[in-house]
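Asker: turn this into a structure:
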Amino acid sequence: MAVGVDIEDIERFKDKSQEFIERVFTPVEIEYCMKYSKPESHFAVRFCAKEAVIKALTALEITAVNLSEIEVYHNENRCPQIRILRKLEKDITFELSLSHDRTKAVAFVTAEVV
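Answerer: Sure thing, here's the model as predicted:
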């Protein structure tokens, strides 16, 4: 098992360009974040999740996964989940925890080869 964690200032995501948003986030993530009055909080925490996934995958010797190939979505119980949008050389299961307040966003990920 491997872990990854990341923390970001939400303010950094307040005035990101549309080009940046579309390069880093999937259409599912953009639609989810934009339905909130402060989408920057939701973008920031998803960015943290993507960075945490990359850290965990690197510990499992899986490299070259792009931010745009990692998707955060919610399951039927509204729990955040990770989906990799391409085939990896190993089958991986993820657990994800997200949190944000007024100024910071944080994500914690575990990744395990099945």
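
Asker: need the residues that contact stretch 52-70.
Answerer: If you take C-beta atoms under 8 Å, 6 or more residues apart in numbering as the criterion, stretch 52-70 is touched by 2-6, 23-26, 47, 49-51, 82-86, 88-90, 92, 94, 96, 107-111, 113. For every residue, glycine as well, the C-beta is placed using N, CA and C.

Asker: quick one: the longest helix seen in the chain to chain centroid distance?
Answerer: Longest helix of the chain, by residue count under DSSP state H: helix 39-59. The chain centroid and the centroid of helix 39-59 are separated by 3 Å under C-alpha atoms, centre = their mean, to the nearest Å.

Asker: next one: stretch 42-60
Answerer: With C-alpha atoms, centre = their mean, you get 5 Å for stretch 42-60.

Asker: can I get it in PDB, CA atoms only?
Answerer: Taking Å, rounded to 0.1, in the frame of the first residue of the first chain, the C-alpha atoms of stretch 42-60 are listed here in PDB:
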ATOM      1  CA  HIS A  42     -13.900  22.400  -5.100                       C
ATOM      2  CA  PHE A  43     -11.300  22.800  -7.800                       C
ATOM      3  CA  ALA A  44      -8.500  23.100  -5.200                       C
ATOM      4  CA  VAL A  45      -9.500  20.000  -3.300                       C
ATOM      5  CA  ARG A  46      -9.700  18.000  -6.500                       C
ATOM      6  CA  PHE A  47      -6.300  19.300  -7.500                       C
ATOM      7  CA  CYS A  48      -5.000  18.100  -4.100                       C
ATOM      8  CA  ALA A  49      -6.500  14.700  -4.800                       C
ATOM      9  CA  LYS A  50      -4.800  14.400  -8.200                       C
ATOM     10  CA  GLU A  51      -1.500  15.400  -6.700                       C
ATOM     11  CA  ALA A  52      -1.900  12.900  -3.800                       C
ATOM     12  CA  VAL A  53      -2.800  10.100  -6.300                       C
ATOM     13  CA  ILE A  54       0.400  10.900  -8.300                       C
ATOM     14  CA  LYS A  55       2.500  10.700  -5.100                       C
ATOM     15  CA  ALA A  56       0.900   7.300  -4.200                       C
ATOM     16  CA  LEU A  57       1.300   5.900  -7.700                       C
ATOM     17  CA  THR A  58       4.900   7.000  -7.800                       C
ATOM     18  CA  ALA A  59       5.500   5.100  -4.500                       C
ATOM     19  CA  LEU A  60       4.100   2.000  -6.300                       C
END
